[in-house]
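Asker: My questions concern the predicted model and sequence given below.
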Amino acid sequence: MNLSIDHLLGLKGVPKEDLNAIFDTAFSFREVLDRPIKKVPTLKGITVVNLFFENSTRTRMSFELAEKRLSADVMNFSASSSSLSKGESLRDTIQNLFAMKMDVVVMRHPTPGSVKLLSQFVDAVVINAGDGTHEHPTQAILDMMSLKEKFGTLEDLNVAIIGDIRHSRVALSNIYGLKTMGANVMLCGPPTFIPYGIESLGVKITYNVDEALEFADAINVLRIQKERQGKGLLPSLREYRNVYGITRERLAKFQKNITIMHPGPINRGVEIDTDVADGSNSIILHQVLNGVASRMAILFLLAGGKR
Amino acid sequence: MKFRIKSQLSDEKAMNRTITRLAHEIVENNKGIEDLCLVGIRTRGEFLARRIVKKIAEFEKEELPLGILDIVMYRDDYRTKNRLPAVEITDIPFNIDNKKLVLIDDVIYTGRTIRAALDALIDLGRPSGIQLAVMVDRGHREMPIRPDYVGKNCPTAANEEISVKVKECDGVDVIDLMEEDK
């Protein structure tokens, strides 16, 4: 049950066996979350530091909860209240932290590749909680776990990822993971949101949302990142909604139940309508629960054994 | 370390008789089946527990509640071992508060598995009591833990092993004493 990887930096190149081990372990840990005492002593004495150089609610809370459910000691660090604002370099900050003997670091940072850099100079397990527009592997793992729960297998499953692919680390990690697991992936969004050359990863591309829905057993609807507006990529949010928004009327054209996912936070009425996000085909809240369980599994499999 | 069979301790018939006796002893000792629940420890303990439940149902006309416990999350040795054990689901579909629980396992050796199982159960509630039934007691305890029901006492050397096989996962019912194959 050991993973072949020492750190979880991204899903590129992570083998199927590792992903399956994480899913299996995660389904076992989910039972712990239903108990009256939701805590096991598995990572007692292991110290985890959550380094967040970018804002996050869901991912940080989910990691913190997973760590606490496993009885690890948790330290939280956010860039805004640290000596970084006094001009200390990232490397110095982290080396000081690690002089205090940390076992695991969970990091989110706006710079792609920062997590890999970190893994090269600290003696600890490194888990990527999102590095810029590069990867967000734990989100993709929980997305895949939720699909596996719903469909039983990912083999030959048709998954469409709809929205701002270009700025999305969730999309890239999902593409790597889903392809490894044997799923078929279609990307959909306005041409300004589809990176040039991405079809080389073995994905289909469409600019027509109806085509994506026709193809899909499940759709992963990405958030329109409002902070990236005003760069000339979209005429307006209203136009995006009219052309790409997932609405009940649009789904009603298809004679099938399409499973709805969203990594959150949701812009209701922009990329997805409320009655779809909260509808019976939505597994958005399962994703949140599976997020805690899959992060427990990742922490256990990477930090639980002998190092 | 490789092992070879040194001698057979029980065949299918003998195992059946042992399970029948354990079932009767459990009911006798508890003066009936009121509040009694069985908890099998994965993997072999689960199947032995299922058989004991079935056996008790034959003469008490009632199926006892059965839970399955996975103790991997509670073990004390995975930080010193090179290979991580697989975590599997714990499935105890009843409230254990104020219940008389009987833990079932195949072999008791150092007692560390049972220590982990006790910790796991305490996290799930407050049973009125916990008893322990095992198919084989091979000695060498490292903790103050003692089974209440024993299928077979079998003193062993530290370089020997006890192998309990059950049809449900091994295809045969047999208990063997194994010795190191040098």
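Answerer: On my side now, so go ahead. Residues are numbered from 1 along each chain as shown, chains lettered A, B, ... in the order given.

Asker: tell me which parts of chain A are close to chain B?
Answerer: Along chain A, the residues adjacent to chain B under the rule Cβ under 8 Å from any Cβ of the partner chain are A:1-2, A:21, A:24-25, A:27-29, A:31-32, A:35-37, A:39-42, A:297, A:300-301, A:304-306. In short, each C-beta sits where N, CA and C put it, glycine included.

Asker: Might you specify the subset of those residues located within helices?
Answerer: A:21, A:24-25, A:27-29, A:31-32, A:297, A:300-301 (DSSP state H).

Asker: Tell me which residues of stretch B:72-79 come out buried.
Answerer: B:72-75, B:78-79 (16 or more other Cβ atoms under 10 Å in any protein chain shown).

Asker: what does stretch B:23-30 give?
Answerer: Within stretch B:23-30, the residues that count as buried by 16+ other Cβ under 10 Å are B:23, B:26-27.

Asker: CA atoms of it as PDB?
Answerer: Extracted as PDB, the C-alpha positions of stretch B:23-30 are listed here (Å, rounded to 0.1, in the frame of the first residue of the first chain):
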ATOM      1  CA  ALA B  23     -20.400 -20.300  20.200                       C
ATOM      2  CA  HIS B  24     -21.800 -22.200  23.100                       C
ATOM      3  CA  GLU B  25     -19.200 -20.900  25.600                       C
ATOM      4  CA  ILE B  26     -20.000 -17.300  24.600                       C
ATOM      5  CA  VAL B  27     -23.700 -17.800  25.100                       C
ATOM      6  CA  GLU B  28     -23.200 -19.800  28.300                       C
ATOM      7  CA  ASN B  29     -20.800 -17.300  29.900                       C
ATOM      8  CA  ASN B  30     -23.200 -14.400  29.100                       C
END
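
Asker: now what about it, what contacts it?
Answerer: For stretch B:23-30, contacts defined as Cβ atoms under 8 Å, 6 or more residues apart in numbering or on different chains pick out B:33, B:36, B:52, B:55-56, B:59-60, B:100, B:102, B:131, B:133, B:148-149.

Asker: which one among the ones in helices among the residues of chain A next to chain B gets closest to residue B:110?
Answerer: Within those, proximity to residue B:110 (Cβ to Cβ) peaks at residue A:300, which comes in at 23.2 Å.

Asker: quick one, helices of the stretch 201-307 of chain A?
Answerer: A:209-215, A:237-244, A:248-251, A:274-277, A:284-303 (DSSP state H, counting those that start in this stretch).

Asker: Then chain B?
Answerer: According to DSSP H, chain B carries its helices in the segments B:12-29, B:44-60, B:112-122, B:167-170.

Asker: neighbours of the residue nearest to residue B:3 when sequence neighbours are not counted, just the number please.
Answerer: Take residue B:3 and drop its neighbours on the chain: the residue closest to it by Cβ to Cβ, 6 or more residues apart in numbering or on different chains is residue B:178, 3.9 Å away. As a burial measure, the neighbour count of residue B:178 was computed by other Cβ atoms under 10 Å in any protein chain shown and equals 18.

Asker: Same question for the one 3 residues further on.
Answerer: Using other Cβ under 10 Å, residue B:181 is surrounded by 10 other residues.

Asker: ditto for residue A:58
Answerer: Under the criterion other Cβ under 10 Å, the count of neighbours that residue A:58 has is 14.

Asker: count of neighbours near the residue nearest to it when sequence neighbours are not counted?
Answerer: Take residue A:58 and drop its neighbours on the chain: the residue closest to it by Cβ to Cβ, 6+ apart is residue A:264, 5.5 Å away. Using other Cβ under 10 Å, residue A:264 is surrounded by 17 other residues.

Asker: Kindly state the pLDDT recorded for the nearest residue to residue A:205 once chain neighbours are set aside?
Answerer: Leaving aside its sequence neighbours, residue A:205 sits nearest to residue A:187 (Cβ to Cβ, 6+ apart; 5.2 Å). Residue A:187 carries a pLDDT value of 98.

Asker: same question, residue A:84
Answerer: You'll see residue A:84 listed with a pLDDT of 68.

Asker: Likewise for residue A:144?
Answerer: In the predicted model, residue A:144 carries a pLDDT score of 98.

Asker: Spell out the secondary structure type for it.
Answerer: Residue A:144 carries the three-state label helix when classified by DSSP: H, G, I helix; E, B strand; the rest coil.

Asker: Tally up the residues packed near the closest residue to residue B:118 other than its chain neighbours, please.
Answerer: Nearest residue to residue B:118 in three dimensions, chain neighbours excluded: residue B:130, at 6.5 Å (Cβ to Cβ, 6+ apart). Per other Cβ under 10 Å, the neighbour tally for residue B:130 reads 18.

Asker: is residue B:130 in a bridge, and if so with what?
Answerer: Under DSSP bridges, the beta-bridge partners of residue B:130 are residue B:101.

Asker: Spit out the contact partners of the residue nearest to residue B:3.
Answerer: Taking Cβ under 8 Å, 6+ apart as the test, what residue B:178 contacts is B:3-6, B:160-163.

Asker: Among these, which lie within strands?
Answerer: For the contacts of residue B:178, the ones inside strands are B:3-6, B:160-163, with DSSP state E as the criterion.

Asker: Just send the residues you listed back as JSON lines, with pLDDT too.
Answerer: Shown next, in JSON lines, are the ones in strands among the contacts of residue B:178 (pLDDT from 0 to 100):
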{"residue": "B:3", "pLDDT": "91"}
{"residue": "B:4", "pLDDT": "92"}
{"residue": "B:5", "pLDDT": "94"}
{"residue": "B:6", "pLDDT": "93"}
{"residue": "B:160", "pLDDT": "92"}
{"residue": "B:161", "pLDDT": "93"}
{"residue": "B:162", "pLDDT": "95"}
{"residue": "B:163", "pLDDT": "95"}
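
Asker: The residues you listed: which two are farthest apart?
Answerer: Greatest spatial distance among the ones in strands among the contacts of residue B:178 (Cβ to Cβ): B:4 and B:162, at 13.7 Å.

Asker: which of those two has more neighbours?
Answerer: Between residue B:4 and residue B:162, counted using other Cβ under 10 Å, the more crowded position is residue B:162 (20 against 10).

Asker: The more buried one pairs with what?
Answerer: Counting by DSSP bridges, residue B:162 forms beta bridges with residue B:177.
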